[in-house]
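Asker: I'd like to go over a predicted model; first the sequence, then the structure.
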Amino acid sequence: MGLPMSPLSFAAATFGVSVGAGTLGSLLGLGGGVIVVPALLALGVDMHLAVGAAAVSVIATSSGAASSYLKQGFTNLRVAMFLEVGTVAGAFTGALLSGIVNERALSIVFGCVLTLSAIALLRRPSTLRPSEAPETPEGMLRLTGVFVDENGNATRYRARRPPLALALMYVAGITSGLLGIGSGALKVLAMDLAMGLPMKVSSATSNLMIGVTAASTAGVCFMRGDISPFVVAPVAAGVVVGARIGARLLPVIPPRLLRGLFVVVVGVIAVQMFSRGLS
Amino acid sequence: MKHSTSLEERLAVVLGFGSMASLAFMVAGFALLVARHAGAGTSTAELVRETGASSIGASVILAGVALLIATPVCRVVITLVTSLSRQDRVFAVLNTLVLVIVGAALWMGHLTD
């Protein structure tokens, strides 16, 4: 055990960190595992139990936040349903490739991809309008929607390049399956940069998708007995609370601030990947 | 648009219920777990390493976890049923694929125990 703590102190610390993870995760469309796993490891929890708790926390973040975003109209359900085929297929492929692909090399590649994507995101003009949608939805996918910004202005948008986005989701799923990390960051990046969706729509839609991706991981952990009830309870409780907080903040937070926050978190994940690959 | 709005509202209810109900299970189970072990002076390390339904509290927590895992799967099932009822074949196929792949992943994970 890393730090000598009383059970209640451990639970309180875990709960507190998880509130932060849930808040950030729900705001940015990430699962929060990037915060939960290192925190639990620092508290002395074994890696396989930390991963199990993190997988559960991703579902908790997703369900808690997506519930609000669906009501608020930020989530594009059709985009989510279309893209999650790619991400779950990728995660399944990644799990199959586990043990075959060099994970250290993949961590470095993933770190590079995240770094370049963060740079692209920083360079994307914040005043760029989302791809405007025609009045009548086109094609069988009909990946359009209406986004209401914090000033109450409604804009119809259209998701561009669906095949490219689907391919990126597949890649995101593979990295998730291989590296054991959530793919929320890549999902948001793909929707923002490739599909041209508004940032808040990308975040909210990613929140919905990560739940089902994490369900298979969490289900496997559950069946293998890699869930510690004493650890998972405060983690899940914390992220649900945090997700609710994040869901209240998203409608009012300026897109530029949201984008900046996302870039910072992506940078942290990239550093973690480089560290993992080079260690 | 009207149909989509009501589907989103239904999904919001399912996801909200799933997250809050599982939270209630976990809070209740955690209280039972701590109460059981408080008197025994169990260390944090022992509590952390205890996996499985070793006590009533742990069982209640794990029931909450199972409910939480089932929540996004239920969401996909609802969208599948809705796609079928609207004869939206493309999304019915997509939703079915998601369920099949998730099921396959769970089955494989079970096999590699």
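Answerer: Looks like it arrived, so ask away.
Asker: For the stretch 51-200 of chain A, which segments count as helices?
Answerer: A:77-97, A:103-123, A:162-179, A:184-189, A:199-224 (DSSP state H, counting those that start in this stretch).
Asker: State the number of residues packed around whichever residue of chain A sits closest to chain B.
Answerer: Chain B sits closest to residue A:220 of chain A, with a gap of 3.1 Å, by CB to the nearest CB. C-betas here are computed from N, CA, C, even on glycine. By other CB atoms under 10 Å in any protein chain shown, the residues close to residue A:220 number 21.
Asker: I figured residue B:108 was touching residue A:95, is that so?
Answerer: Yes: using CB atoms under 8 Å, residue B:108 is in contact with residue A:95, at 7.0 Å.
Asker: more crowded one of the two?
Answerer: residue A:95 (23 against 14).
Asker: Tell me if the helix or strand of chain B with the lowest mean pLDDT is near chain A.
Answerer: Ranking every helix and strand in chain B by mean pLDDT, DSSP states H and E puts helix B:44-49 at the bottom, with a mean of 82. Yes: Helix B:44-49 lies within reach of chain A by CB under 8 Å from any CB of the partner chain, at B:44-45, B:47-49.
Asker: can you pull the buried residues of that helix?
Answerer: B:44-45, B:47-48 (16 or more other CB atoms under 10 Å in any protein chain shown).
Asker: returning to what we had before: what's the separation between the residue of chain A closest to chain B and residue B:16?
Answerer: Noted for residue A:220: a distance of 26 Å to residue B:16, by CB to CB, to the nearest Å.
Asker: and if you look at residue B:29?
Answerer: 20 Å.
Asker: Between the two, which is the more surrounded one?
Answerer: More crowded of residue B:29 and residue B:16, by other CB under 10 Å: residue B:29, with 25 against 19.
Asker: which ones are touching the more buried one?
Answerer: By CB atoms under 8 Å, 6 or more residues apart in numbering or on different chains, the residues touching residue B:29 are A:229, A:233, B:56-64.
Asker: how close does residue A:93 get to residue A:101?
Answerer: 10 Å.
Asker: who's more crowded, those two?
Answerer: A direct count of neighbours by other CB under 10 Å for residue A:93 and residue A:101 places residue A:93 higher, at 17 against 13.
Asker: hang on, isn't that one packed against residue A:172?
Answerer: No: applying CB under 8 Å as the test, residue A:93 and residue A:172 come out as separate, 11.3 Å apart.
Asker: ok so, going back, quick one, which of the contacts of residue B:29 are buried?
Answerer: A:229, A:233, B:57-64.
Asker: Not counting sequence-adjacent ones, nearest residue to the closest residue to chain A within chain B?
Answerer: When scored by CB to the nearest CB, chain B has residue B:109 as its residue closest to chain A, at 3.1 Å. In space, residue B:109 comes closest to residue A:220 once its chain neighbours are excluded; the distance is 3.1 Å by CB to CB, 6 or more residues apart in numbering or on different chains.
Asker: Residue B:23 now?
Answerer: Computed as CB to CB, 6+ apart, the closest residue to residue B:23 that is not its neighbour in sequence is residue A:240, at 5.0 Å.
Asker: and the angle from the helix or strand containing that neighbour to helix A:199-224?
Answerer: Using DSSP states H and E, residue A:240 falls within helix A:229-249. Angle, helix A:229-249 to helix A:199-224, by axes from the mean of the first three to the mean of the last three CA atoms, to 10 degrees: 170 degrees.
Asker: Flag every buried residue along helix A:229-249.
Answerer: Residues of helix A:229-249 classed as buried: A:229-247 (neighbour count, 16+ other CB under 10 Å).
Asker: Downstream of that helix, the next helix or strand is which one?
Answerer: By DSSP H and E, the next helix or strand past helix A:229-249 is helix A:255-278.
Asker: residues near residue 103, how many?
Answerer: Using chain A. Applying other CB under 10 Å, I find that residue A:103 has 17 neighbouring residues.
Asker: try chain B instead
Answerer: If we define neighbours as other CB under 10 Å, then residue B:103 has 13 of them.
Asker: Flag the shaky bits of chain B, pLDDT-wise.
Answerer: B:1-5, B:39, B:110-113 (pLDDT under 70).
Asker: hey, which helix is longest across it?
Answerer: The helix that spans the most residues within chain B, counting by DSSP state H, is helix B:2-38.
Asker: distance between that helix and the chain's centre?
Answerer: 9 Å (CA atoms, centre = their mean, to the nearest Å).
Asker: what bits of chain A have low per-residue confidence?
Answerer: Counting by pLDDT under 70, the low-confidence segments of chain A come to A:1-4, A:124-140, A:180-182.
Asker: one step back: downstream of the least confident helix or strand of chain B, the next helix or strand is which one?
Answerer: That would be, after helix B:44-49 and using DSSP H and E, helix B:56-85.
Asker: which helices and strands does the helix or strand just after that following helix pack with?
Answerer: Sequence order places helix B:89-111 as the next helix or strand after helix B:56-85, per DSSP H and E. Applying 3 or more CB pairs under 8 Å, 6 or more residues apart in numbering or on different chains; DSSP states H and E, one finds that helix B:89-111 makes contact with helix A:77-97, helix A:199-224, helix B:56-85.
Asker: Go through stretch A:148-162 and flag the buried ones.
Answerer: A:157-159, A:162.
Asker: re earlier: with distance to residue A:211 as new columns, can the contacts of residue B:29 be given to me in JSON lines?
Answerer: JSON lines is the format used below for the contacts of residue B:29 (distance: CB to CB, whole Å):
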{"residue": "A:229", "distance to residue A:211": "21"}
{"residue": "A:233", "distance to residue A:211": "19"}
{"residue": "B:56", "distance to residue A:211": "28"}
{"residue": "B:57", "distance to residue A:211": "26"}
{"residue": "B:58", "distance to residue A:211": "24"}
{"residue": "B:59", "distance to residue A:211": "24"}
{"residue": "B:60", "distance to residue A:211": "22"}
{"residue": "B:61", "distance to residue A:211": "19"}
{"residue": "B:62", "distance to residue A:211": "19"}
{"residue": "B:63", "distance to residue A:211": "19"}
{"residue": "B:64", "distance to residue A:211": "16"}
